[in-house]
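J.: Make a model of this:
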Amino acid sequence: MRTLQDTKPIWHALIWIGLYILAVNLGDNVGAMLDFPELTSLVLVAVSAVLIVYLWGGGRLSFYGIRLVQARTLPLTLFYVPLFAIAFLQYSKGFALNLDLHTIGFTLLLVAAVGFIEELLFRGFLLQALRTRGSLTRAIIISGVTFGIGHLVNLLRGYSLTEQALQLVAAVLIGIALAYCVVLTGSIMPGIAFHILFNLSGTITAHSVLGDSVTVGIIAIAMIPYILFLRHSLTKTGAAVVTDTASTAVA
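T.: Residues are numbered from 1 along each chain as shown. Next up, the predicted model:
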């Protein structure tokens, strides 16, 4: 796997994405057999630990954006503000009725692990790999679309087609926006924080087709001009140098 990082980075990213999907479904299925649905949370925490050790051993944590935002790009983290705003939008639907300390505890474990893993795989592994094979804009769009398509696996988790379609639209738009923000700041850490907060609000709030449709509609209306703004900002600041430098240092 370490060799693939340099020779076939896209395959390296796709293999890890496949392993992640496998881990989610393994946790879900075995958890259902054991009547312990929370098993997926523990499995993904273990996967997160494996990824950290894997990258730390190869000296690649910083290369894939697992680092604090540098002082020179710290002001650019303000570009994340609209994303954090939509993370709290879902609370307008009200809280789910079946919440207790046990549920909330395992939910926090799950969203933390998912947020870390997905940001690393899609905005770390995949985005960096695509940047070595084409234009930056192409890499950002493909990584965002792939992120959205990756959510189709939720059909196996009992999601309806309507729920899945709504999630797909939101995931693609948010994925593209996050990719722009990562390129601007050179770090996936703010994206991980957003991802955790967004998934948490989506998990512990009430769900209905109407409510979710309205939420996705608002997200789409906000995300499209936001993405265009991020594209303009990236062109203006030239902040892509932050990660371009890291890419050439390792290549």
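
J.: list the contacts for Leu166?
T.: Residues in contact with Leu166 (CB atoms under 8 Å, 6 or more residues apart in numbering) are Asp212, Ser213, Val216. Heads up, the C-betas are built off the backbone N, CA and C, glycines and all.

J.: could you measure it against Val111, distance?
T.: 18 Å (CB to CB, to the nearest Å).

J.: returning to what we had before: any idea which of the contacts of Leu166 is the one closest to Gln5?
T.: Nearest to Gln5, judged by CB to CB, of those is Val216 at 35.3 Å.

J.: What does the pLDDT read for that closest one?
T.: Per-residue pLDDT puts Val216 at 86.

J.: same deal with Tyr159?
T.: pLDDT, read off for Tyr159, is 64.

J.: any weak-confidence spans in the stretch 1-150 of the chain?
T.: Across the stretch 1-150 of the chain, nothing is flagged by pLDDT under 70.

J.: repeat that with 90
T.: For the stretch 1-150 of the chain, applying pLDDT under 90 flags the ranges 1-4, 6, 68-77, 89-90, 92-93, 97-99, 132-135, 148-150.

J.: from the contacts of Leu166, which is closest to Ile149?
T.: Using CB to CB, the contacts of Leu166 come closest to Ile149 at Val216, 16.4 Å.

J.: So the closest one: helix, strand or coil?
T.: Here Val216 is helix, with the state taken from DSSP: H, G, I helix; E, B strand; the rest coil.

J.: quick one: which helix or strand includes the nearest residue to it once chain neighbours are set aside?
T.: The shortest distance from Val216 to any non-neighbouring residue, by CB to CB, 6 or more residues apart in numbering, is to Leu166 (4.6 Å). Assigned by DSSP states H and E, Leu166 belongs to helix 161-185.

J.: Please enumerate the helices of the stretch 101-250 of the chain.
T.: 101-118, 127-131, 136-150, 161-185, 189-204, 209-237, 241-250 (DSSP state H, counting those that start in this stretch).

J.: any idea how far the shortest one is from the chain center?
T.: If I follow you right, that is helix 127-131. Centroid separation for helix 127-131 versus its chain: 15 Å, with CA atoms, centre = their mean, to the nearest Å.

J.: which helices and strands sit right next to that helix?
T.: helix 9-33, helix 136-150, helix 161-185, helix 241-250 (3 or more CB pairs under 8 Å, 6 or more residues apart in numbering; DSSP states H and E).

J.: and among those helices, the most buried is which?
T.: Highest mean neighbour count among the helices and strands packed on helix 127-131 (mean count of other CB atoms under 10 Å): helix 161-185, with a mean of 21.

J.: Report the angle between that one and helix 101-118.
T.: 60 degrees (axes from the mean of the first three to the mean of the last three CA atoms, to 10 degrees).

J.: I appreciate the help and will end here.
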